[in-house]
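>>> Starting from these lines, generate the structure:
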Amino acid sequence: KFDAIIWSAGNYWGGVINETDLDLLKNYTGNILFEGSDILFDNKDNEDLKKILHAQFRNDLKLDNNAFLILKEHEILDNITEIEIDYTISPYPDSLIVLDGYSVAEWEDNGSAIIIHDNGNRVVYFGFAVNSVNENSREKLILNSVKWLFEEEQIIGYGDVNSANKVNILDVVKTINHII
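Now for the predicted structure:
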């Protein structure tokens, strides 16, 4: 069993995910990072893939110029001030609709460019070829995304935090320090 999978499709289209791949993905319960311009374009009507990606296809974009994504707040965007997509590298990215996740970056047409899902397994989905991201942001985006995939949810314990079989002042201090 793998803790995470990175499914990199780049600008390939026409069979990026076949039935064998889909069967494997449906049975995989770990975290996944998907990247590619045409993953859902090729599979618009595949309900299983929509569930796995937590997204559906909105439309295919045709970039005539570089595109700047509208960034929201999320850990995978830490220390990233802009994401510019080079149209010469990824001229036909997918614009996506979020099904049961969260859009962390959008195209100017309000379609989603990056979707994350964090309920059970974690999923990051880039609707573009990651090699088209400006050099200053590409490495940070990939590293932040992989780091987020491997982070475990922190469970905050209240009450007998220091395991002394009673709640005392040390438990209160530990709890306050955790919150601060």
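>>> Phi and psi next, for Leu24.
Backbone torsions of Leu24, given as degrees, to the nearest 10, read phi -60, psi -40.
>>> let me fix that: Asn121
According to degrees, to the nearest 10, Asn121 has phi -80, psi 160.
>>> Grab the nearest non-local neighbour of it.
Spatial nearest neighbour of Asn121, chain neighbours left out: Asn31 (5.4 Å); criterion: Cβ to Cβ, 6 or more residues apart in numbering. (Glycine included, C-beta is placed from N, CA and C.)
>>> same thing with Phe2?
Nearest to Phe2 is Gly30, by Cβ to Cβ, 6+ apart, at 5.8 Å.
>>> From Ala4, how far out is that neighbour?
To Ala4, Gly30 is 6 Å away according to Cβ to Cβ, to the nearest Å.
>>> More neighbours: which of the two?
More crowded of Gly30 and Ala4, by other Cβ atoms under 10 Å: Ala4, with 16 against 12.
>>> quick one: contacts for the residue nearest to the more buried one when sequence neighbours are not counted?
Among residues not flanking Ala4 along the chain, Asn31 sits closest, at 4.3 Å (Cβ to Cβ, 6+ apart). Neighbouring residues of Asn31 by Cβ atoms under 8 Å, 6 or more residues apart in numbering: 3-5, 121-123, 149-150.
>>> try 10 Å
Residues near Asn31 by Cβ atoms under 10 Å, 6 or more residues apart in numbering: 2-6, 117-118, 120-124, 145-146, 148-151.
>>> Surely Ile115 is within a strand?
Yes. Under the criterion used here (DSSP: H, G, I helix; E, B strand; the rest coil), Ile115 sits inside a strand.
>>> Could you tell me how many residues sit around it?
Ile115: 25 surrounding residues under other Cβ under 10 Å.
>>> any idea how far it lies from Asn31?
Distance, Ile115 to Asn31, by Cβ to Cβ: 14 Å.
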